[in-house]
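Visitor: Below is the sequence, then the predicted model.
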Amino acid sequence: MPAAPLHQPPSRRRTALLQWIDSDYTSESREKIRAEPDRVDWTRCLPFIFLHLGCLGVIWVGASPVAIGAAVVLYFLRMFAVTGIYHRYFSHKTYSTSRVGQFLLALWGATTVQRGALWWAYHHRHHHQHSDEPEDAHSPHVHGFLWSHIGWITSRRNFPTDYTTIKDLARFPELVWLNRFDTAVPLVFAFAVFGFGALLETYAPGLGTNAWQMLIWGFFISTTILFHATASINSLAHLMGKRRFATADDSRNSFILALVCLGEGWHNNHHRYQSSTRNGFFWWEIDLTYYGLKALSWTGLIWGLKPVPASVMEEAVRADHPAHLDSANPAAPSPREFSSGKKPLPAR
């Protein structure tokens with residue numbers, strides 16, 4: 001993809017800088033911005049550069065079991081927020097909660113540093129509407145691997161939130177506020193991690209950690225790994241793995257990605273039926289997000305977890321056992337296959 005000129009008009013640079021405070025601020029219409037061609041906006045790259053450079057702080061702060069353990073725990077807690085909250089609640093409404101519960105979930109999700117819940121849901125719903133088609137913002141088959149993994153986020157056209165496509169969420173002003181000021185929670189979270197390290201340094205010096213070490217491991221390293229793991233579902237989950245269902249895209253099931261992303265690796269399952277709370281349709285398909293949501297439902301914070309319909313489960317069984325499929329429907333079509341290049345092959 002082409003890159004935007006390094007020397008941009010002052011008004012555009014000013015807008016980009018102000019958007020780090022108020023992401024809804026713009027001097028141009030959102031429709032005009034979304035109509036722009038895909039290209040890297042260098043101003044949008046700065047937060048990613050800062051996040052990755054922050055990881056190099058480990059050279060000066062070193063490591064300790066406590067700091068590494070905090071990074072691992074915060075990775076899994078926030079990966080659950082991405083998968084169980086941003087994805088399975090805000091994007092697909094696979095379970096229910098109260099308005100207060102919804103706000104608390106949005107706060108939790110905001111600690112992932114993946115922008116606001118409404119922006120995330122808007123883009124994900126758009127992805128499902130146009131998966132692996134030219135309109136898909138992050139299809140590795142249409143735009144290439146690197147763009148699907150990280151490039152699309154740096155494009156100006158993908159920055160605004162289209163509130164008209166998420167009216168079910170945009171009617172809550174508290175959610176709009178969190179989405180608009182999407183750097184507020186990450187900043188508070190970073191200071192909290194720093195403060196936690198300072199407390200451990202003061203009151204538990206035997207643990208061998210400190211404020212700066214905790215910040216580097218608990219925030220920068222944990223968040224950077226979290227981002228790339230999440231992005232792998234956009235990129236790798238459409239390139240590696242097996243296809244159980246003949247969906248109209250190239251979504252795939254990957255056991256490895258399911259472990260790394262707490263069940264999101266069962267991506268072909270999900271594209272076949274998006275409204276289920278669980279992505280791992282069978283008991284052997286490990287889906288840690290679903291187990292966590294099930295546990296949350298016992299507290300009363302959430303309820304109404306949606307199951308996989310029996311008809312879809314029967315389809316999955318037939319797909320896993322071709323002999324049964326042949327006997328049930330000899331003329332059943334084979335799954336759609338794609339090339340490894342950018343453009344998908346037509347359905348067979």
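Guide: Cool, the structure landed.

Visitor: what about the helices in the stretch 51-200 of the chain?
Guide: Listed from the start of the chain, the stretch 51-200 of the chain has helices (DSSP state H, counting those that start in this stretch) covering 58-61, 65-80, 99-110, 117-129, 140-143, 145-149, 167-170, 173-180, 184-203.

Visitor: Now the next helix-or-strand element following the longest one: average pLDDT?
Guide: Remark: after helix 184-203, the chain's next helix or strand is helix 211-214, criterion DSSP states H and E. Taken as a whole, helix 211-214 has an average pLDDT of 98.

Visitor: swap in stretch 120-130?
Guide: With pLDDT averaged residue by residue, stretch 120-130 scores 96.

Visitor: so how far is it off the chain centroid?
Guide: Here stretch 120-130 shows a centroid-to-chain-centroid distance of 11 Å under the convention C-alpha atoms, centre = their mean, to the nearest Å.

Visitor: Roughly how far does the residue nearest the centre of the chain sit from Asn158?
Guide: Nearest to the geometric centre of the chain sits Thr230, at 4.8 Å (C-alpha atoms, centre = their mean). In this structure, Thr230 and Asn158 are separated by 15 Å, where distance is defined by C-beta to C-beta, to the nearest Å. Placement of C-beta: from N, CA and C, glycine included.

Visitor: do Met313 as well
Guide: Note on Met313: its distance to Asn158, by C-beta to C-beta, is 35 Å.

Visitor: And the lowest mean pLDDT element among the helices and strands of the chain?
Guide: helix 322-328 (a mean of 48; mean pLDDT, DSSP states H and E).

Visitor: before we move on, the earlier item: can the helices of the stretch 51-200 of the chain go into CSV with extra columns for distance to Leu301 and mean neighbour count?
Guide: As requested, the helices of the stretch 51-200 of the chain are arranged in CSV below (distance: least, C-beta to C-beta, whole Å; neighbours: other C-beta atoms under 10 Å):
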stretch, distance to Leu301, mean neighbour count
helix 58-61, 36, 12
helix 65-80, 13, 18
helix 99-110, 5, 19
helix 117-129, 16, 21
helix 140-143, 36, 22
helix 145-149, 33, 19
helix 167-170, 18, 14
helix 173-180, 17, 18
helix 184-203, 19, 16
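
Visitor: Among these, which comes closest to Trp212?
Guide: Of all the helices of the stretch 51-200 of the chain, it is helix 58-61 that lies closest to Trp212, at 5.0 Å by C-beta to C-beta.

Visitor: and for the closest one, what are the contacting residues?
Guide: Defining contact as C-beta atoms under 8 Å, 6 or more residues apart in numbering, one finds that helix 58-61 is touched by 210, 212-213, 216-217, 221.

Visitor: cool, and stretch 44-53?
Guide: By C-beta under 8 Å, 6+ apart, the list of residues contacting stretch 44-53 from outside reads 16, 20, 113, 150, 153-156, 159, 220, 223-224, 227.

Visitor: And the furthest pair within the residues you listed?
Guide: Spanning the widest gap among those are Arg156 and Phe220, at 25.7 Å by C-beta to C-beta.

Visitor: returning to that earlier point: of Met313 and Asn158, which one has the most company?
Guide: Taking Met313 and Asn158 together and counting by other C-beta atoms under 10 Å, Asn158 has the greater number of neighbours (21 against 15).

Visitor: so Leu288 makes contact with Gly263?
Guide: Yes - the pair Leu288 and Gly263 passes the contact test of C-beta atoms under 8 Å, sitting 5.5 Å apart.

Visitor: Those two: which is more packed in?
Guide: Regarding Leu288 and Gly263, a neighbour count based on other C-beta under 10 Å identifies Gly263 as having more, with 28 against 19.

Visitor: excluding its backbone neighbours, what's nearest the residue nearest to the centre of the chain?
Guide: The spatial neighbour of Thr230 that comes closest, neighbours along the chain excluded (C-beta to C-beta, 6 or more residues apart in numbering), is Val82 at 5.4 Å.

Visitor: Tell me how many other residues crowd that neighbour.
Guide: Residues near Val82, counting by other C-beta under 10 Å, number 24.

Visitor: quick one, what contacts it?
Guide: For Val82, the set of contacting residues under the criterion of C-beta under 8 Å, 6+ apart consists of 109, 112, 114, 226, 230.

Visitor: Equivalent analysis for His123, please.
Guide: Listed by C-beta under 8 Å, 6+ apart, the contact set of His123 reads 137, 158.

Visitor: circling back: report the buried members of the contacts of stretch 44-53.
Guide: 16, 113, 150, 153-156, 159, 220, 223-224, 227 (16 or more other C-beta atoms under 10 Å).

Visitor: For those residues, point out the one with the lowest pLDDT.
Guide: pLDDT is lowest at Ala16 among the buried ones among the contacts of stretch 44-53; the value there is 74.

Visitor: Could I get the buried residue list for the helix or strand where that residue lies?
Guide: Of the helices and strands defined by DSSP H and E, Ala16 is found in helix 10-18. Taking 16+ other C-beta under 10 Å as the neighbour-count basis, helix 10-18 is seen to contain the buried residues 12, 15-16.

Visitor: could the residues you listed go into JSON lines alongside distance to Leu293?
Guide: Below are the buried residues of helix 10-18 laid out as JSON lines (distance: C-beta to C-beta, whole Å):
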{"residue": "Arg12", "distance to Leu293": "42"}
{"residue": "Thr15", "distance to Leu293": "38"}
{"residue": "Ala16", "distance to Leu293": "37"}
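
Visitor: nearest to Tyr163, of those residues?
Guide: Nearest to Tyr163, judged by C-beta to C-beta, of the buried residues of helix 10-18 is Thr15 at 18.4 Å.
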